[in-house]
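Generate a structure from the sequence data that follows.
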Amino acid sequence: MGTHLLPPRRREDKPQRREQIIDAAEIVFRRKGYAETNMGDIARQAKVSRPLLYVHFDNKQTLHFAICVRALDLLRERFEAVAAPQPTGHAKLYAIGREYVAFAHQRPAYFSALSHLESHQQTELPTEGVEREMLNAGKAVHAVTIAAIEQGQQDGSVRSDLGEPVMAALSLWSFCHGMIQVATSKPMVLANMGVSPEQFTEASLKMALRGLAPGAGPHAGAGR
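Here you go, the predicted structure:
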């Protein structure tokens, strides 16, 4: 039965039920882990039948995508909030990097969901559905960083020879994501070197951003 044929009350309930199912998936994934969770677990947590669960989501992977949409929307909002008051593009990038670290610390389940997403191999770009929604949400997150780079190039706080801002934004994201994963998964390795996770992330972030500052190009200092 198409949605347009449903009674008004049932049409109104459908988005609410979908969110209820995503809430349940978050709880079960957090408790059991993604690999050990099945759709029956999620249906029981959501207090819905399995047939109704499949009306909303084809499998647990699409539920994982829906959770990632939530995580990415929240991450974008947090990036926008910390970047807005900063006076320069470079300052915005520093604030964004620190906020990514804070996000991973404060919302570890969301960071874990996004990290698990990196192992998902896409054979072709989706054009619709929750996977497309997730990719759009990720693009919106990167747009905040791209805008900061572009502002920095205009105000002189970021090098003008970086090439395409999107490439710089993606490189910075991959660096920060890997940095956070090391800080959260290898604390004993860091401790053995006399470094705390907080010291590691702060020093790493500053090192990366120094490379974006004017005068930090590949030939800087040559001939001196």
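
Packing partners of the stretch of helix or strand Met207 belongs to?
Met207 is part of helix 197-210, with elements assigned from DSSP states H and E. In terms of contacts (3 or more C-beta pairs under 8 Å, 6 or more residues apart in numbering; DSSP states H and E), helix 197-210 is packed against helix 89-106, helix 165-185, helix 187-192. Where C-beta positions appear, they are placed from N, C-alpha and C, glycine not excepted.

If you count neighbours, what's buried in that helix?
Pro197, Phe200, Thr201, Ser204, Leu205, Ala208, Leu209 (16 or more other C-beta atoms under 10 Å).

For the residue nearest to Pro165 when sequence neighbours are not counted, give its distance to Ala81.
Leaving aside its sequence neighbours, Pro165 sits nearest to Ile149 (C-beta to C-beta, 6 or more residues apart in numbering; 4.4 Å). As judged by C-beta to C-beta, to the nearest Å, Ile149 and Ala81 stand 18 Å apart.

same deal with Gly89?
Counting by C-beta to C-beta - Gly89 and Ala81 are separated by 17 Å.

Can you pick out the residue with more neighbours from those two?
In this view Gly89 and Ala81 are compared by other C-beta atoms under 10 Å, and Gly89 has more residues nearby, 24 against 12.

The more buried one touches Ile149, doesn't it?
Yes - between Gly89 and Ile149 a contact is recorded at 6.2 Å, counting by C-beta atoms under 8 Å.

Show me the domain layout of this protein.
7-57, 60-210 (automatic domain parsing).

Using just helix, strand and coil, how would you label Glu77?
helix (DSSP: H, G, I helix; E, B strand; the rest coil).

Can you give me the pLDDT of it?
According to the prediction, Glu77 has pLDDT 99.

again, but for Leu125
Leu125 is given a pLDDT of 79.

Secondary structure class of it, three-state.
Per three-state DSSP, Leu125 ends up coil.

Give the closest residue to it in space, chain neighbours not counted.
Nearest non-adjacent residue to Leu125, counting by C-beta to C-beta, 6+ apart: Leu135, 7.3 Å away.

Noted, bye for now.
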